[in-house]
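# Sequence plus predicted model, see below.
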Amino acid sequence: MSVPFEKYHGTGNDFLVVDATEPVPDRGAFAIRECDRETGVGADGVLFLALEPGFSPPRVVMTLVQPDGDTAPMCGNGARCAADWAMRRTDANSVMIDTQAGTRRADRVEDGIAVDMGRLSFDPDRVPVDADGPVVETEIEGLELTAIDTGVPHAVAVVEDVDAVDLEAVAKPVRHAGSFPLGTNVTLASPDGDGFRQRTFERGVEGETDSCGTGAVAVAAVARRLGLTDATEIAVRPPGGELRVRFDGEAAMLSGPVVREFGGELPVGAVEP
């Protein structure tokens with residue numbers, strides 16, 4: 001048996017997209033196999049998407065299975081790719097995306113796809129992080145970190161130059177630190193003209209990705225929290241391109257390009273990881 005798939009990316013953050021109505025007996029094993037960049041197609045995750053009938057604007061259910069076989073409740077670039085997939089099938093310019101972190105609206109805009117990232121939170125119970133109050137510029141495993149929930153947990157460190165840091169070396173201890181009961185993504189940021197550069201070590205990918213949408217939102221929100229900017233629209237530049245984060249009160253909108261690369265078919269049989 002085989003299943004049709006499409007390959008998408010948002011600023012280099014790439015995903016395999018599979019219609020969730022197609023039978024895949026073991027989604028975790030499928031993601032482990034096909035996300036492998038040496039033996040599979042190669043991706044930062046698999047998006048299983050299902051259109052729900054009878055809604056206006058159209059509604060799509062998104063489940064992201066990561067390269068380690070686990071699911072993630074939210075993914076900014078993944079949601080933008082899911083939106084483009086749904087828009088192509090419904091001839092709509094706006095869709096609602098049901099994620100495990102809540103329902104998000106996405107719109108086609110001039111620079112690509114914009115998605116509502118919901119209300120962000122520094123509340124330690126929301127992140128979650130083991131602390132009595134918000135973790136702001138607090139030393140954890142050798143990094144000065146600010147912890148934030150952007151749909152998934154992020155620990156953000158502002159450094160002079162993101163490219164001068166050995167990200168894997170500094171991120172792994174934080175990723176598994178006891179302070180973060182569910183683990184955390186680890187994001188570095190450095191000022192860059194009218195915005196910030198970004199590098200992210202992603203939980204579930206267990207390595208650096210070319211782009212991370214929830215991480216870009218975390219960078220922008222932390223920069224505002226620390227007084228590094230008071231802008232309501234901020235450019236964030238991961239290695240894969242440029243994303244824009246726009247704030248409206250406590251809510252944030254993430255926008256940037258989305259590219260459909262190609263399609264094909266893949267075997268669905270469960271494989272031992």
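Yes, it's here.

# Surely residue 4 is in a helix?
No: residue state for residue 4 (DSSP: H, G, I helix; E, B strand; the rest coil) corresponds to strand; a helix is not indicated.

# number of nearby residues for it?
12 (other Cβ atoms under 10 Å). For glycine as for every other residue, the C-beta is placed from the backbone atoms N, C-alpha and C.

# Equivalent analysis for residue 265, please.
Residue 265: 10 neighbours (other Cβ under 10 Å).

# Run through the bridge partners of residue 149.
residue 121, residue 153 (DSSP bridges).

# Apologies, that question was intended for residue 105.
Note on residue 105: beta-bridge partners by DSSP bridges are residue 96.

# Read off the pLDDT value for it.
In this model, residue 105 is scored at 98, pLDDT.

# residues touching it, list them.
Contact partners of residue 105, counting by Cβ atoms under 8 Å, 6 or more residues apart in numbering, are 57, 94-97, 115-116.

# How about residue 30, nearest residue that isn't a chain neighbour?
Counting by Cβ to Cβ, 6 or more residues apart in numbering, residue 30 lies nearest to residue 24, which is 5.2 Å off, once chain neighbours are set aside.

# That neighbour - how many residues pack around it?
Count around residue 24 with other Cβ under 10 Å applied: 22.

# wait, is it part of a strand?
No: applying three-state DSSP, one finds residue 24 to be coil, outside a strand.

# which other helices and strands contact the strand or helix carrying residue 15?
Following DSSP states H and E, one finds residue 15 within strand 13-19. The contact analysis (3 or more Cβ pairs under 8 Å, 6 or more residues apart in numbering; DSSP states H and E) places strand 13-19 against strand 2-10, strand 46-52, helix 76-90.

# Which among these is found nearest to residue 34?
Using Cβ to Cβ as the measure, strand 46-52 is the one of these that comes nearest residue 34, at 6.7 Å.

# Who does the helix or strand that comes right after that closest one pair with, and is each partner parallel or antiparallel?
Counting by DSSP H and E, the next helix or strand C-terminal to strand 46-52 is strand 59-65. For strand 59-65, the paired strands and their directions (DSSP bridges) read strand 46-52 (antiparallel), strand 71-72 (antiparallel), strand 94-99 (parallel).

# Using TSV, lay out those together with mean pLDDT.
Shown next, in TSV, are the strands paired with strand 59-65 (pLDDT from 0 to 100):
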stretch	mean pLDDT
strand 46-52	98
strand 71-72	96
strand 94-99	98
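
# Columns distance to residue 110 and mean neighbour count on top of these, output as TSV?
Shown next, in TSV, are the strands paired with strand 59-65 (distance: least, Cβ to Cβ, whole Å; neighbours: other Cβ atoms under 10 Å):
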stretch	distance to residue 110	mean neighbour count
strand 46-52	24	21
strand 71-72	28	19
strand 94-99	14	21
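
# So which of the helices and strands packed on strand 13-19 has the densest surroundings on average?
Using mean count of other Cβ atoms under 10 Å, the stretch among these with the largest mean neighbour count is helix 76-90, at a mean of 25.

# avg pLDDT for that helix?
So the average pLDDT for helix 76-90 ends up being 98.

# between it and strand 59-65, how big is the angle?
140 degrees (axes from the mean of the first three to the mean of the last three Cα atoms, to 10 degrees).

# what's the angle from helix 76-90 to strand 13-19?
40 degrees.

# for the residue nearest to residue 30, what are its contacts?
3, 18, 30, 48, 268.

# Mind putting the helices and strands packed on strand 13-19 into JSON lines with distance to residue 161?
As requested, the helices and strands packed on strand 13-19 are exported to JSON lines (distance: least, Cβ to Cβ, whole Å):
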{"stretch": "strand 2-10", "distance to residue 161": "25"}
{"stretch": "strand 46-52", "distance to residue 161": "33"}
{"stretch": "helix 76-90", "distance to residue 161": "24"}
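
# Which one of those lies nearest to residue 260?
Per Cβ to Cβ, nearest to residue 260 of the helices and strands packed on strand 13-19: strand 2-10, 5.4 Å.
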